[in-house]
Structure formats: structure tokens, C-alpha cells
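S.K.: please find the sequence and the predicted model below.
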Amino acid sequence: MTSQLMAGKRGLIMGLANDKSIAWGIARALSDAGAELAFSYQGDALKKRVDPLAASLGSALVLPCDVGDEASIDALFDSLKAEWGTMDFIVHAIGFSDKNELRGRYVDTSRQNFLTSMDISVFSFTAVVKRAAAMMTEGGSALTLTYYGAEKVMPHYNVMGVAKAALEASVRYMAEDLGKDGIRVNAISAGTIKTLAASGIGDFRLIMKWNEYNAPLRRTVTQEEVGKSALYLLSDLGSAVTGEVLHVDAGYHVVGMKAVDAPDVTKE
Ligand SMILES: NC(=O)c1ccc[n+]([C@@H]2O[C@H](COP(=O)([O-])OP(=O)(O)OC[C@H]3O[C@@H](n4cnc5c(N)ncnc54)[C@H](O)[C@@H]3O)[C@@H](O)[C@H]2O)c1
């Protein structure tokens, strides 16, 4: 569908948990466009899900990495370096917060969960981009996933909203740091998609419905659609785009008030 935009390009996909993951939509779009992919997964429980998905895209490079652990990140990049030497792109589709704090008030966030959420959802992108950039000898492109809750208050998003705001700021700082080396750093702010991580957010079904009724396109978005925009940012199509947060959300972020014709949503 997208020709061979990524032919001859190699990159790492982090954050694939199952076939509902946003990382999966991105991986398929990149693979369809001719990219060679490696995958990292968190913990043995996920390996059995990630292995067959990777194999279906012709990738045998499936490596463990817990981004909360520096040694684990180093081991991942040591393996990639040994296998590939250089790389062209990296996709970071990782976020984490204690789901007990993804309901109720932000102001009640615990210190420990604040630090964990920032570590796994923000610092990890910086940590992996630094190592990936060292392998991007011909320039490259890095991409992370964010959400509108970084910009505006969304119900229950709480500490993740604060973390995503920091993640978006880190995109801009790394764009500047790495631009001189021909390395671009961007984020996609995805609309709500039903995934494992999203199921931890309180009233997620209700938030999905609200988006569907009120987004300009009057629908939510799919993993495939995020994948197509990721392909744009990671390929030569996005060659002059860096430090950007691209909304792939059916336009929801431009709306200021409930659409006049939209039904209301109520908790069951
Ligand atoms: N689903 C949505 O509605 C939505 C909207 C906007 C942004 N996002 C973002 O998209 C990204 C991907 O999430 P998803 O919705 O596809 O859910 P997902 O559950 O499929 O993916 C989340 C991934 O994070 C990984 N992860 C968590 N802690 C980790 C750790 N310590 N080390 C390594 N990996 C770790 C998990 O293993 C999992 O693969 C996240 O950053 C999320 O915040 C999701």
C-alpha cells in the first residue's frame, strides 16, 4: 500500500504487548513499507505473545528489556549493536502508572508512583534515544506516543498527564540535541484506542464514547491509522519534521465543547 518507503531501513519497536498494541499497528505499517524490525518486550510473560507476532513480519530479533533497569537497556543495545552495527529508527510505545492512581484525584498521587510513572513513561524514552542515536550513523528518526491528557485535563489521566507533558517536552529538547546529527525526534498524540494499558484508566469506555461523539471525524482512531502517521514521521516523507507532536486523534484536540448534535454519555 505504501510502496517501499522503508526499504533498507532497520529499527527497533519497543512496547509490543499483543495484537491490540499501538506498537503493532506501527510495526505492520513499517514492515509493509519494507523496514527490517527488531522488537523488545518486557518480561517473559509477554515473550510468548511477541515471538509469533514478530515472526509473522519476518523478524527473529526479539529481545527482553525492562526500561526501568539501566543494565537491561544496555544489554538490549549491546545485542542490537552486535547484530546490526547501525540502525535507522526507534519506536517507543511504552507507558506505565499504578492503575489505582488512574482514578480519583491527581493531587493524591503518591511520591513513589509519581517517580515510577516519570521513570518508565518519560525518562525511558531519553535513555533509549541516547543509545539508539549512537547507532544512527547515517541520521535517523525516533518516535514516542503521547496523549491529549498532556495538554488538557482528562478524567482519571492524572499523573500520566503530567508524565506525558514531560515526555512531549523531552521530544523538543532531544530534537535540538540530535538535529545536528540528522536525527529527528517526534511524538504522535494518539486518540483513545482500546489496549491493555488503556484498560487501566478509569471510565475508559466512557472516554472512548465521548471522543467518538465529539471528534470532528465523529469516530475514534485505529492502530493502523497511528501506524500510517508513524510511517510518515519515521520515513523520508517526514524529513524536515522534528520536535513535533502530531495529533492522530480524528481531530478531537481542536474541539472546545460538546458537539450540539452529540448524545451525552453516562456511566453504566
Ligand atoms: N491506548 C490509547 O488510547 C493511547 C492513547 C495515546 C497514547 N497511548 C500511548 O501509547 C503507548 C503504547 O500503549 P498501548 O495503548 O499500545 O498499550 P499496550 O499495553 O499495548 O503497550 C504498553 C507497553 O508498555 C510496556 N511497558 C510498560 N512498562 C514497561 C517497562 N518497565 N519496560 C518495558 N516495557 C514496558 C508494556 O509491556 C506494553 O508493551 C503508551 O505510551 C501509551 O501511553 C495510548
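M.R.: All right, it came through fine. Numbering: from 1, shown residues only.
S.K.: quick one: low-confidence parts of the stretch 151-268 of the chain?
M.R.: Residue ranges of the stretch 151-268 of the chain with pLDDT under 70: 268.
S.K.: residues from it in reach of the ligand?
M.R.: 190, 192-193, 195-198 (Cβ under 6 Å from any ligand atom). Backbone N, C-alpha and C define where each C-beta goes, glycine included.
S.K.: can you pull out the low-pLDDT segments for the stretch 1-150 of the chain?
M.R.: 1-2.
S.K.: ok, which stretches of it are helices?
M.R.: 22-32, 44-56, 70-84, 111-118, 124-135 (DSSP state H, counting those that start in this stretch).
S.K.: which one's the longest helix in the protein?
M.R.: Longest helix in the chain by number of residues (criterion: DSSP state H): helix 158-179.
S.K.: re earlier: which among the residues of the stretch 151-268 of the chain next to the ligand end up buried?
M.R.: Neighbour-count burial (16 or more other Cβ atoms under 10 Å) is assigned, among those, to 190, 192-193, 195, 197-198.
S.K.: will you turn these into JSON lines that also has distance to Ala142?
M.R.: JSON lines is the format used below for those (distance: Cβ to Cβ, whole Å):
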{"residue": "Ala190", "distance to Ala142": "16"}
{"residue": "Thr192", "distance to Ala142": "24"}
{"residue": "Ile193", "distance to Ala142": "21"}
{"residue": "Thr195", "distance to Ala142": "21"}
{"residue": "Ala197", "distance to Ala142": "20"}
{"residue": "Ala198", "distance to Ala142": "23"}
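S.K.: strands - which of those land there?
M.R.: Under the assignment DSSP state E, these contribute Ala190 to strands.
S.K.: and of the residues of the stretch 151-268 of the chain next to the ligand, the nearest to Trp210?
M.R.: Closest approach to Trp210 among those (Cβ to Cβ): Thr192, at 8.8 Å.
S.K.: hey, which of the helices of the stretch 1-150 of the chain is tucked in deepest?
M.R.: helix 22-32 (a mean of 25; mean count of other Cβ atoms under 10 Å).
S.K.: what's the offset of that helix from the middle of its chain?
M.R.: 12 Å (Cα atoms, centre = their mean, to the nearest Å).
S.K.: which elements pack onto it?
M.R.: strand 10-14, strand 36-41, strand 89-92, helix 223-234 (3 or more Cβ pairs under 8 Å, 6 or more residues apart in numbering; DSSP states H and E).
S.K.: and the third one, which strands flank it?
M.R.: When you say that, I think you mean strand 89-92. strand 10-14 (parallel), strand 140-146 (parallel) (DSSP bridges).
S.K.: and the shortest one, how far out from the chain middle?
M.R.: The reference is to strand 10-14. Relative to its chain's centre, strand 10-14 lies at 12 Å (Cα atoms, centre = their mean).
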